[in-house]
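K.L.:
sequence and predicted structure, then a few things I'm wondering about:
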Amino acid sequence: MQQNPIQFDLQMFHKSFEFNNKEIIGKGFDSIVYKVKNRDDKNEYALKLTSFKDLQHKFNFQQEIRLLYHLNHDHIVKFYGNSMDGSCILIEYMPFGHLVKLIDLSLDIRIIKSIVNQIMSAVQYLHSRNIVHGDIKPENVLISKDFVIKICDFGFAIIANQPNAKLRGGSEGYTAPELLINQNYDPKKCDMFSLGVLFFVLFMGYRPFLSTHPQKQDKFWNYIKNKEWDKFWKIFEPKKQDVGFKAYIQKLLCADPNERYTIEEALQDDWFKSNLYTVKDLALQLKMHLPKQ
Ligand SMILES: Nc1ncnc2c1ncn2[C@@H]1O[C@H](COP(=O)(O)OP(=O)(O)OP(=O)(O)O)[C@@H](O)[C@H]1O
Ligand SMILES: [Mg+2]
């Protein structure tokens, strides 16, 4: 298929693509994702389909199309086109699905760090263009056929320097605390908080807390909020704990966004950047651990 994004007529879609409504590869809050096959080149693609609930939902979905159209990065899912009515997005098919399946594999810190590094390189690309993803979590990060890690789902993304650009809260447990109380916040720092939760979940195998919402009074989150890190880490013993990992997580999950790493700082951290797998070597590692598709 051609490399420039296409606009297609949904009625005519079946002429170019084989579509079977039983081939559902994912379900989001407001969308269904199908696997489709191009009749010419025989390649598989993912088709994300929605039906608009209201104007806000329509705006969000079309914002995802607008953003994907302009994004071009090795660790962001590739965009191939959209339907003329704006209700469908055609993207690269990612046969190994999302990162949730890695959580139970107890992968070592070097592999996890290298996965997070690929995600962070995409976030660096986005933040340098003033784009904030707004919903970073394992379900929104996919594994390609070549075992490359890519971010998807820009349904919550915003352009940070536009007037009235406000994040919509993302997913509970991944949302930065400053977003939940009515105060000015830097949306890029909210992505950094979510990256901290994602890193924690992938390495430790469970969430650091369930909610950062002040009304929930989550015990684990309160330890972090009160900077009682010793009490927080004690809960997770005797689970393996890497000293570098703990210090790094504290720079991402801290309640005060001013103390939190920016994406540049996170990538430049000495512990983080040491001993990373290249994209090629990480692919070999993941190939060994993931079941064949
Ligand atoms: N290109 C793809 N290849 C394979 N699976 C995909 C692809 N895109 C999405 N999926 C699957 O579909 C799920 C839903 O997709 P996506 O996150 O884009 O939808 P959403 O409706 O915006 O989700 P949310 O519930 O987070 O708002 C993903 O978590 C993933 O499992
Ligand atoms: Mg999603």
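P.N.:
Everything's here; your move. Ligands and ions are numbered 1, 2, ... in the order given.
K.L.:
for N4, see how far away the residue nearest to S16 when sequence neighbours are not counted is.
P.N.:
Leaving out its chain neighbours, the residue that sits closest to S16 by CB to CB, 6 or more residues apart in numbering is R39, at 5.8 Å. C-beta coordinates here come from the backbone N, C-alpha and C atoms, glycine included. As for R39, its distance to N4 is 19 Å (criterion: CB to CB, to the nearest Å).
K.L.:
which of the two has more neighbours?
P.N.:
Looking at R39 and N4 with other CB atoms under 10 Å, you find the greater number of neighbours at R39, namely 11 against 7.
K.L.:
the more buried one contacts E18, doesn't it?
P.N.:
Yes: between R39 and E18 there is a contact at 6.2 Å, judged by CB atoms under 8 Å.
K.L.:
how about the helices of the stretch 101-250 of the chain, start to end?
P.N.:
Chain-ordered helices for the stretch 101-250 of the chain, with DSSP state H, counting those that start in this stretch as the definition, fall at 109-128, 177-180, 187-204, 219-225, 229-235, 243-252.
K.L.:
show me the contact partners of the second one.
P.N.:
I take that to be helix 177-180. With CB atoms under 8 Å, 6 or more residues apart in numbering as the test, helix 177-180 has contacts from 167, 169-170, 185, 189-190, 193, 212-214, 221, 225, 255, 257.
K.L.:
tell me how far that helix is from the chain's mean position?
P.N.:
How far helix 177-180 lies from its chain's middle: 19 Å, per CA atoms, centre = their mean, to the nearest Å.
K.L.:
what's the answer for the fifth one, then?
P.N.:
With CA atoms, centre = their mean as the basis, the distance from the averaged C-alpha position of helix 229-235 to the chain average is 27 Å.
K.L.:
with the third one instead?
P.N.:
From the chain centre to the centre of helix 187-204 is a distance of 10 Å (CA atoms, centre = their mean).
K.L.:
what packs against that helix?
P.N.:
Packed against helix 187-204 by the contact rule (3 or more CB pairs under 8 Å, 6 or more residues apart in numbering; DSSP states H and E) you find helix 109-128, strand 131-132, helix 177-180, helix 243-252, helix 263-268.
K.L.:
show me the one of these that comes nearest S51.
P.N.:
strand 131-132 (26.0 Å; CB to CB).
K.L.:
adjacent strands (with direction) for that closest one?
P.N.:
According to DSSP bridges, the neighbouring strands of strand 131-132, each with its direction, are strand 158-159 (antiparallel).
K.L.:
get me the contact residues on the stretch 151-293 of the chain for ligand 1.
P.N.:
Where the stretch 151-293 of the chain comes near ligand 1, counting by CB under 6 Å from any ligand atom, the residues are C152, D153, G155.
K.L.:
what residues does the closest residue to the second one other than its chain neighbours make contact with?
P.N.:
If the residues on either side of it in the chain are set aside, D153 comes closest to N140, at 4.2 Å by CB to CB, 6+ apart. Contact criterion CB under 8 Å, 6+ apart gives H98, H133, I151, C152, D153 as the residues in contact with N140.
K.L.:
who wins for most neighbours among these?
P.N.:
If you count neighbours using other CB under 10 Å, the busiest of these is H133, which has 30 neighbours.
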